[in-house]
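[1] Task: produce atomic coordinates for the following.
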Amino acid sequence: MACPVIESSHIIGKKWSIPIIEDIALGKFNGFNNFLSRLDVTPRILSMQLKDLERSGIIKKRKYNDSNTHTTNYALTEKGQELHSIINEIKRWNIKWGAVPDSCLSTPCAECSLYNEN
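    As a prediction, the model looks like this:
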């Protein structure tokens, strides 16, 4: 059996995991295509990341159907909400040690100029 701590680090260590988790937590993930248009991620990579996060129990997919449209959205699970809190603690830790500015805590990673340099 693989170490769950190491496995968890692999989940949040993937390039798009934290921005996806934050966008969902903050209500900014307004659909697959919207996310693609805001960030430089390919549809294939985004699809794989969403599936990985869903398989890991971090997010859950919600499908809505009305007469003419089919909409898929995502929500954080309880596990995902707790992980989002841990991400914020990591941000606080980096602020404390001078690695990032104080604005890091109020700025989603997807909107941060430091993230977009990667």
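[2] Which stretches in the chain count as strands?
    Along the chain, counting by DSSP state E, strands occupy 59-65, 70-76.
[3] Tell me how far residue 67 lies from residue 33.
    According to C-beta to C-beta, to the nearest Å, residue 67 and residue 33 sit 20 Å apart. In short, each C-beta sits where N, CA and C put it, glycine included.
[4] same thing with residue 87?
    Between residue 87 and residue 33 the computed distance is 25 Å (C-beta to C-beta).
[5] Verify the contact between residue 79 and residue 57 for me.
    Yes - counting by C-beta atoms under 8 Å, residue 79 touches residue 57, with 5.0 Å between them.
[6] so which of the strands of the chain is the most packed in?
    The highest average neighbour count among those, using mean count of other C-beta atoms under 10 Å, belongs to strand 70-76 at a mean of 14.
[7] Now do that one: which elements does it pack against?
    In this structure, strand 70-76 makes packing contacts with helix 17-25, strand 59-65, judged by 3 or more C-beta pairs under 8 Å, 6 or more residues apart in numbering; DSSP states H and E.
[8] The longest one relative to strand 59-65, how many degrees between them?
    When axes from the mean of the first three to the mean of the last three C-alpha atoms, to 10 degrees is applied, the directions of helix 17-25 and strand 59-65 differ by 50 degrees.
[9] any low-confidence regions in this structure?
    For the chain, residues meeting the criterion pLDDT under 70 lie at 1, 116-118.
[10] how about it, which residue sits the furthest from its center?
    Distance from the C-alpha centroid of the chain peaks at residue 67, with 30.4 Å (C-alpha atoms, centre = their mean).
[11] Any chance of the backbone angles for that residue?
    Main-chain dihedrals, residue 67, degrees, to the nearest 10: phi -60, psi -40.
[12] any idea how far residue 106 is from it?
    From residue 67 across to residue 106, the span is 40 Å (C-beta to C-beta).
[13] Residue 65 too?
    The gap separating residue 65 from residue 106 is 36 Å, by C-beta to C-beta.
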